[in-house]
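Novice: here is my input, please return the structure:
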Amino acid sequence: MKVAVVFLGVPKSEEGSLSGVENTNVLIEIDLVYTIYLSGDVVECSVTKFHLPPLPRVGVEFHLDKSVDPIKWADVRWVTFQNKDGLGIYASIYGSSPPMQLNASYYTAAELDRATHNEDLIKGDDIEVHLDHKHIGLAGSMIVGLHVLCPITPATSGHDIYKSQLQLL
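Specialist: Numbers count the residues shown, from 1 in each chain. This is a model prediction of the structure:
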């Protein structure tokens with residue numbers, strides 16, 4: 001199944017006023033097409049429009065129940081988030097993409113921005129995960145990578161899934 005998604009970034013003062021998109025000052029427009037397989041695998045297959053100002057990172061942010069701790073990876077070419085029963089999510093780079101940027105924390109980005117001292121931090125009830133597709137480097141260049149997301153069970157490991165993907169290339 002293919003799912004088309006359009007992300008529109010508008011000034012903060014115009015958030016929630018997308019009923020008349022043509023009258024809105026769209027600063028960012030991203031048209032994405034995702035392919036979702038019957039197995040539950042999600043592969044981002046194409047970006048048709050990408051009008052963005054320079055951004056520090058472009059990726060996926062999601063929240064997971066804290067029961068998926070600990071998280072497993074290798075040079076962040078793949079990562080698994082599994083609960084004690086072995087159920088969870090697997091994510092990986094695709095093809096010859098460089099390693100992904102990964103951040104998983106009990107503290108949200110907003111919480112880290114808010115706190116001025118370590119003792120001011122309030123631990124969340126879940127884990128905030130960032131899997132970065134593009135990340136601006138020190139020289140201002142973008143690192144590009146394509147990610148695969150799929151369900152994982154106790155019968156599989158992240159490393160085994162990653163090795164099987166390499167054989168398909």
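Novice: lowest-pLDDT helix or strand in the protein?
Specialist: strand 142-144 (a mean of 46; mean pLDDT, DSSP states H and E).
Novice: where does pLDDT dip in the protein?
Specialist: Low-confidence segments of the chain (pLDDT under 70): 12-24, 43-56, 58, 133-147, 166-169.
Novice: residues in a beta bridge with the spatially most central residue of it, which ones?
Specialist: When C-alpha atoms, centre = their mean is applied to the chain, the residue found nearest the centroid is Val60 (2.3 Å). Applying DSSP bridges to Val60 gives these bridge partners: Leu131.
Novice: please report how far it lies from Lys84.
Specialist: 25 Å (C-beta to C-beta, to the nearest Å). C-betas here are computed from N, CA, C, even on glycine.
Novice: which stretches in this protein count as strands?
Specialist: Per DSSP state E, the chain carries strands over the ranges 2-9, 28-36, 42-51, 57-65, 71-73, 78-82, 88-93, 101-105, 126-136, 142-144, 147-152.
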